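sequence below, structure please.
(chains A, B, C and D)
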4 protein chains.
Amino acid sequence: MTTFDPSTEAAIARVRAEVAALHGELVRYGLVVWTGGNVSGRVPGADLFVIKPSGVSYDDLAPENMILCDLDGVVVPGSPGSERSPSSDTAAHAYVYRHMPEVGGVVHTHSTYAVAWAARGEEIPCVITAMADEFGGPIPVGPFAIIGDDSIGRGIVETLTGHRSRAVLMQNHGPFTIGVSAKDAVKAAVMVEDVARTVHIARQAGPLIPIPQQAIDSLYGRYQNVYGQAADARRTSS
Amino acid sequence: MTTFDPSTEAAIARVRAEVAALHGELVRYGLVVWTGGNVSGRVPGADLFVIKPSGVSYDDLAPENMILCDLDGVVVPGSPGSERSPSSDTAAHAYVYRHMPEVGGVVHTHSTYAVAWAARGEEIPCVITAMADEFGGPIPVGPFAIIGDDSIGRGIVETLTGHRSRAVLMQNHGPFTIGVSAKDAVKAAVMVEDVARTVHIARQAGPLIPIPQQAIDSLYGRYQNVYGQAADARRTSS
Amino acid sequence: MTTFDPSTEAAIARVRAEVAALHGELVRYGLVVWTGGNVSGRVPGADLFVIKPSGVSYDDLAPENMILCDLDGVVVPGSPGSERSPSSDTAAHAYVYRHMPEVGGVVHTHSTYAVAWAARGEEIPCVITAMADEFGGPIPVGPFAIIGDDSIGRGIVETLTGHRSRAVLMQNHGPFTIGVSAKDAVKAAVMVEDVARTVHIARQAGPLIPIPQQAIDSLYGRYQNVYGQAADARRTSS
Amino acid sequence: MTTFDPSTEAAIARVRAEVAALHGELVRYGLVVWTGGNVSGRVPGADLFVIKPSGVSYDDLAPENMILCDLDGVVVPGSPGSERSPSSDTAAHAYVYRHMPEVGGVVHTHSTYAVAWAARGEEIPCVITAMADEFGGPIPVGPFAIIGDDSIGRGIVETLTGHRSRAVLMQNHGPFTIGVSAKDAVKAAVMVEDVARTVHIARQAGPLIPIPQQAIDSLYGRYQNVYGQAADARRTSS
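Model (predicted):
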């Protein structure tokens, strides 16, 4: 059984509570069904992250059954919840944490409209100001990759590195989002479904009016730097 | 009044509680309106199954008003709930239990998107990885058959025998799903509506990218054999 | 202030409670927003009906603020709730009660998909078995008529008299449903939105398979005459 | 720290409570996600209005964290909640209050269907009677304008001045609604999404039947002047 110093234990406890609670937001916004979807959060100051167990009902998630992993996605032996398997997407989360040190949280869902764009392999164009604020441009598509090796994680990292968007639509699969914290990644998961739905519906009825690039840049810059309490919230983990 | 040995009585009590509770999942996921839809579960070790009463509000379902039937769909005389009629789909459930001994649960709904595919008599193509995981390929369509004889049950059994899918879209009618347990069949009912909706929406906006058969096979094989607690859950009844 | 004999008072009290509670079903199934929509119920054995007040929040509806009217739609003076105006659709409800003595309940909503068919003036074709069960064929369209005289009520009565359907889509306006009781009319309002949505979505993706008329007749006949507790429920008011 | 006379303080307290509570209606009707959307209400008899803080969860909104602003959108120093930033849309609300003295409430959301029309820059045609009642004709589109100066507020005022509609779809952005009170503006926000959704869905399946202008005028006139308690509700703030 692995032990940690008191400040790391305290950080682990905070991230366990945060990650468990944030799964409720996936349910609230209708992004998941049954046991699908998962949130993880990096433990600040340690090479660890906390993730949802595999195949457990959303009603039963609690801080103590969240699973603590190292950055290779290996469950920390003897830690609370370690008798269960972590989410089957754990390897992808771990790959992201290893390769994107600025990322504090990762979320994966099969939310309906985002998956619909992914099934066509089509990026979501930036035609609404809320999308310019939040993502700074289009939502990109990542490669087709199936579970079992590093290909999903690599696809996420290669697509999002240097990109303004915190969301990627993995082809035929669904959205992965990243953030400075687990909460920020959950917000991105909520927003990507919202814009996927809105732009889908808008385009069903006729051509969309593009937003000039300069306006997109201005909206994105302002939102990241000025937007009061929300900007603070992005920088903290709770 | 029929009596059973204590272990059968205990099994009946467990299945009554499970089937009553699982109806709540149909409501939670918006698969049913008013008194439509029904879940049944086989009593392990006995030629019996438990099913919802006909025309009773979802708010009023409880273990004691679930109805116990033999495998011909005849209500067990004197058993709790036997003063009511069982679901009008009981004959179809009974036919499945008689002809598919590996089936432990059956679910029927009129969920919106699954019925929409059924009204066109069109199978749902396998273009998203979650569908490959869960169903191993397309969701097939069963024949047009109306209530009153064995034709619905026969259509379900003929379509699903030897098929990877646990869901069939009965033409002009709606989905029936099967599982190793009632819970597993409910999961299939939730997932078939989810994929019916997602693939419908995806296709509205342009051509879909097929998933290579080899990838479908790989995803299905892994999900059935590896996927942690969920694989266990499929093999048990609670 | 009008007074009634004790058995009529008791019947009024029962209908007040039933009509107040049934408005909750309109909310549960998402058929109404804000203060829109209304349910009424005939008082058995009297030339009276109970209807929702105008412009009152669904959260605030209670038996005592339901409004008692005579069959001309005139509020019974001095009765509980009579300080408020009845629903602005009261004249249409009253017209139905005067001209269709078999009707025990009337419901009006602006539910999304039913209104969508009404805005095109297009009847809903009977392509799903649940619709054959419940409505026995297509859902008809009624004339364009605006509030202020008997034209809405007359349009409902002329369209539904001799028709199997308990629902009519008033052109550019929305659905009105009738039933043997208020509960039965609410069930029809729930089901008409369900079939309006399902058939709309089905048709978006390709041609629909018709159901043979003989099968429609068989399903309708069976459902009206055989369907266990639900058939009972249609004949009673609670 | 600014102080007010007792009657103004009482009015501020009432508007704080009203505006905080009305945000719940945006959640109830699914008009907002995360911290998006905002309601404000003018303080009767004072050059002040109350608005939501920026970036605060809907679960945490309460009268005491609503923010009090003058009609230039400047937070009243030392007032409760003034340690937070007001909604990032405060300047637009303030502009409306300065230029439309009859307006008592303003609401902004990114509700899905209204934004979809806005992304195409297309007004919503008046083809359903509920829309004639509530808005008296089509819902107009306002100019493309981005946050940072008076251009959003000016676009709202220029579009709605002299127009029957209380809602404007700001191009590529979303709906802003006004009302005689905050509640009335919230009702308009709920109704504009409802009609945006219904007309979108109606038009997907074929041509819509126009409503004659004379009937629109008649419905609008009656609804504004006759409609019982609701007409009262529009004139008051609670």
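
pLDDT of stretch A:81-101, averaged?
Mean pLDDT, computed over stretch A:81-101, is 97.

and stretch A:11-19, by the same measure?
Averaging pLDDT along stretch A:11-19 gives 98.

residues of that stretch that come out buried?
A:11-12, A:14-19 (16 or more other CB atoms under 10 Å in any protein chain shown). All C-beta atoms are positioned from the backbone trio N, CA, C, and that covers glycine.

stretch A:151-162 now?
Neighbour counts over stretch A:151-162 (16+ other CB under 10 Å) mark A:151-157, A:159-160 as buried.

wait, A:T35 sits on A:D59?
No - counting by CB atoms under 8 Å, A:T35 stays clear of A:D59, with 10.3 Å between them.

between these two, which one's more packed in?
A:T35 (21 against 8; other CB atoms under 10 Å in any protein chain shown).

just the element for the residue lying closest to the more buried one once chain neighbours are set aside, please.
Leaving aside its chain neighbours, A:T35 sits nearest to A:G55 (5.1 Å; criterion: CB to CB, 6 or more residues apart in numbering or on different chains). Using DSSP states H and E, A:G55 is not contained in any helix or strand.

A:G55: how many residues sit nearby?
By the criterion of other CB under 10 Å, A:G55 has 20 neighbours.

likewise A:P212?
For A:P212, the count of nearby residues is 11 (other CB under 10 Å).

equivalent analysis for A:E83, please.
11.

and the gap between it and B:V106?
To B:V106, A:E83 is 33 Å away according to CB to CB, to the nearest Å.

ranges for the helices of chain A?
With DSSP state H as the definition, chain A shows helices at residue ranges A:6-28, A:90-99, A:112-120, A:129-135, A:151-160, A:182-204, A:213-225, A:228-235.

tabulate those helices in a markdown table, adding columns for distance to chain D.
Shown next, in a markdown table, are the helices of chain A (distance: least, CB to the nearest CB, whole Å):
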| stretch | distance to chain D |
| --- | --- |
| helix A:6-28 | 9 |
| helix A:90-99 | 22 |
| helix A:112-120 | 10 |
| helix A:129-135 | 5 |
| helix A:151-160 | 20 |
| helix A:182-204 | 4 |
| helix A:213-225 | 5 |
| helix A:228-235 | 3 |
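
for those helices, which one sits closest to chain B?
For the helices of chain A, the distance to chain B is smallest for helix A:112-120, at 3.8 Å, taking CB to the nearest CB.

chain center to the closest one, what's the gap?
In terms of CA atoms, centre = their mean, to the nearest Å, the centre of helix A:112-120 is found 16 Å from the chain centre.

quick one: it near chain C?
No - Helix A:112-120 stays clear of chain C (CB under 8 Å from any CB of the partner chain), getting no nearer than 13.1 Å.

and the contacts of that helix?
A:123-124, A:139, A:141, A:167, A:169-175, A:192-193, A:196-197, A:200, B:127-128, B:130, B:194, B:197-199, B:201-202, B:204-209 (CB atoms under 8 Å, 6 or more residues apart in numbering or on different chains).

ditto for stretch A:85-97
By CB under 8 Å, 6+ apart, stretch A:85-97 touches A:38, A:40, A:42, A:49, A:51-55, A:67, A:69-73, A:75, A:103, A:106, A:108, A:147, A:149-150, A:152-154, A:156-157, A:176, A:178, B:226-229.

would you write a ChimeraX line that selects the buried entries of these?
To isolate the buried ones among the contacts of stretch A:85-97 in ChimeraX, judged by 16+ other CB under 10 Å, type:
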select /A:38,40,42,49,51,52,53,54,55,67,69,70,71,73,75,103,106,108,147,152,153,154,156,157,176,178 /B:227,228
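
in strands, which of the contacts of stretch A:85-97 appear?
The strands, defined by DSSP state E, take in A:38, A:40, A:42, A:49, A:51, A:67, A:69-70, A:106, A:108, A:176, A:178 from those.

neighbours of the residue in chain A positioned nearest to chain C, how many?
Per CB to the nearest CB, the residue of chain A with the smallest distance to chain C is A:Q204, at 9.3 Å. Residues lying near A:Q204 (other CB under 10 Å) number 17.

ok, it - contacts?
B:204-205, D:200, D:204.

how about the residues of chain A by chain C?
Contact residues (CB under 8 Å from any CB) of chain A with chain C: there are none.

in chain A, where is pLDDT below threshold?
A:1, A:226-238 (pLDDT under 70).

so which bits of it are right by chain B?
Within chain A, the positions near chain B by CB under 8 Å from any CB are A:33-36, A:53-56, A:84-85, A:88, A:110, A:112-113, A:115-122, A:144, A:146-148, A:171-174, A:200, A:203-204.

ok, now which ones touch A:S111?
Applying CB under 8 Å, 6+ apart to A:S111 gives the contacts A:30-32, A:174-175, A:189, A:192-193, A:196.

one more time with 10 Å, if that's ok
A:26, A:29-33, A:36-37, A:174-175, A:189-190, A:192-194, A:196-197, B:198 (CB atoms under 10 Å, 6 or more residues apart in numbering or on different chains).

ramachandran coordinates for it?
Dihedral pair for A:S111: phi -60, psi 140, per degrees, to the nearest 10.

that one and A:Q171, how far apart?
Per CB to CB, A:S111 is found 15 Å from A:Q171.

would you agree A:R203 is in contact with A:V127?
Yes - look at A:R203 against A:V127 with CB atoms under 10 Å: they come within range, at 8.4 Å.

which one of the two has more residues nearby?
Remark: of A:R203 and A:V127, A:V127 carries more neighbours, 25 against 19, as counted by other CB under 10 Å.

chain neighbours aside, what residue packs nearest to the more buried one?
Nearest residue to A:V127, sequence neighbours excluded (CB to CB, 6+ apart): A:L208, at 4.5 Å.

I'd say that neighbour and A:M131 touch.
No - in this structure, A:L208 is not within contact of A:M131 by CB under 10 Å, at 11.5 Å.

hey, what's in contact with both of those two?
Common contact partners of A:L208 and A:M131 (CB under 10 Å, 6+ apart): A:125, A:199, D:119, D:172.

would you agree the first one is in contact with A:H200?
No - contact criterion CB under 10 Å: A:P125 and A:H200 do not qualify, at 11.0 Å.

neighbour count: those two, which is higher?
Set A:P125 next to A:H200 and count neighbours by other CB under 10 Å: A:H200 wins out with 21 against 18.

surely A:H163 is in contact with A:V141?
No - A:H163 is not in contact with A:V141 according to CB under 10 Å; the separation is 11.4 Å.

neighbour count for the two, which is higher?
Per other CB under 10 Å, whichever of A:H163 and A:V141 has more neighbours is A:V141, with 19 against 16.

and that one, what does it touch?
Neighbours of A:V141 in contact, by CB under 10 Å, 6+ apart: A:117-118, A:120-124, A:155, A:159, A:168-171.

mind running it again at 6 Å?
A:V141 is in contact with A:121, A:123, A:169, A:171, counting by CB atoms under 6 Å, 6 or more residues apart in numbering or on different chains.

same check, this time on A:I152
Residues near A:I152 by CB under 6 Å, 6+ apart: A:92, A:145.

about what we covered before: looking at the contacts of A:V141, which are in strands?
Per DSSP E, the contacts of A:V141 map to strands at A:L169.

could you flag which of the contacts of A:V141 are buried?
Looking at the contacts of A:V141 with 16+ other CB under 10 Å, the buried ones turn out to be A:121, A:123, A:169, A:171.

which one of those is nearest chain D?
Ranked by distance to chain D (CB to the nearest CB), those are led by A:E123 at 15.9 Å.
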